[in-house]
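Asker: just need the structure, nothing else, for what follows:
(2 chains)
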Amino acid sequence: QQQVKQSPQSLIVQKGGISIINCAYENTAFDYFPWYQQFPGKGPALLIAIRPDVSEKKEGRFTISFNKSAKQFSLHIMDSQPGDSATYFCAASPDGSSNTGKLIFGQGTTLQVKP
Amino acid sequence: GAVVSQHPSWVICKSGTSVKIECRSLDFQATTMFWYRQFPKQSLMLMATSNEGSKATYEQGVEKDKFLINHASLTLSTLTVTSAHPEDSSFYICSARRLSEAFFGQGTRLTVV
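Answerer: Alright, predicted model coming up:
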């Protein structure tokens, strides 16, 4: 119930292409869904986050699509660039409106964008 | 975004010694901080929730006596790995939430030799 399942494990995309990473969850109490980008040896950096009251959120080249009924959400990276090559984690929190809710992370996706 | 700072960024220690890692929220107060552990090419695993002024809450399977957490102020939480062994070598990351968004420190690479 506490798991967040992420796929694919790795992804190779050509420069300019669209990168799509998917996550699924079971716990209907989750109400905050962020995506993080992590470079080797660094901590995760927040990319974009969504709450269940909206189905899509876009920030620059990054878009989250959220399907509440299917309990799935995905990250789309438009016009992927070599600098986007990193590991991406989805996460979910059962207490998204507070500062005390813990995050449950997906398994991570290693993205490689080929020039 | 908010800034969470960890120190040190990396540390090498001898087996049997203790190591302290600091996590600070630089521009906001955090009554709750989180400590994660990450093995190479794996996800972040929550170790414990650090609560200012009270005992930390540990996740199942995490040894409380090995991983001591102290949250003595609204901007500082510390993780002490006691009697470290090579299997404790890992990447440790702290996090704090501000306005419900979670921000992470840069991580601490611990190597026990």
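
Asker: what helix or strand does the residue lying closest to A:G83 once chain neighbours are set aside sit in?
Answerer: Spatially, and ignoring its direct neighbours in sequence, A:G83 is nearest to A:V113 (7.8 Å; Cβ to Cβ, 6 or more residues apart in numbering or on different chains). Quick note: C-beta positions are derived from backbone N, CA and C, even for glycine. Taking DSSP states H and E as the definition, one finds A:V113 inside strand A:109-114.

Asker: near chain A, anything from the helix or strand bottoming out on mean pLDDT in chain B?
Answerer: Lowest on mean pLDDT, DSSP states H and E among the helices and strands of chain B sits strand B:101-104, with a mean of 89. Yes: contact of strand B:101-104 with chain A (Cβ under 8 Å from any Cβ of the partner chain) involves B:101-104.

Asker: one step back: what's near enough to touch the residue nearest to A:G83?
Answerer: A:12-15, A:17, A:19, A:80-85 (Cβ atoms under 8 Å, 6 or more residues apart in numbering or on different chains).

Asker: again, only using 7 Å
Answerer: Shown in contact with A:V113 (Cβ atoms under 7 Å, 6 or more residues apart in numbering or on different chains): A:13, A:15, A:80-82, A:84-85.

Asker: using JSON lines, lay out those together with pLDDT.
Answerer: Converted to JSON lines, those look like this (pLDDT from 0 to 100):
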{"residue": "A:V13", "pLDDT": "98"}
{"residue": "A:K15", "pLDDT": "98"}
{"residue": "A:S80", "pLDDT": "98"}
{"residue": "A:Q81", "pLDDT": "98"}
{"residue": "A:P82", "pLDDT": "97"}
{"residue": "A:D84", "pLDDT": "98"}
{"residue": "A:S85", "pLDDT": "98"}
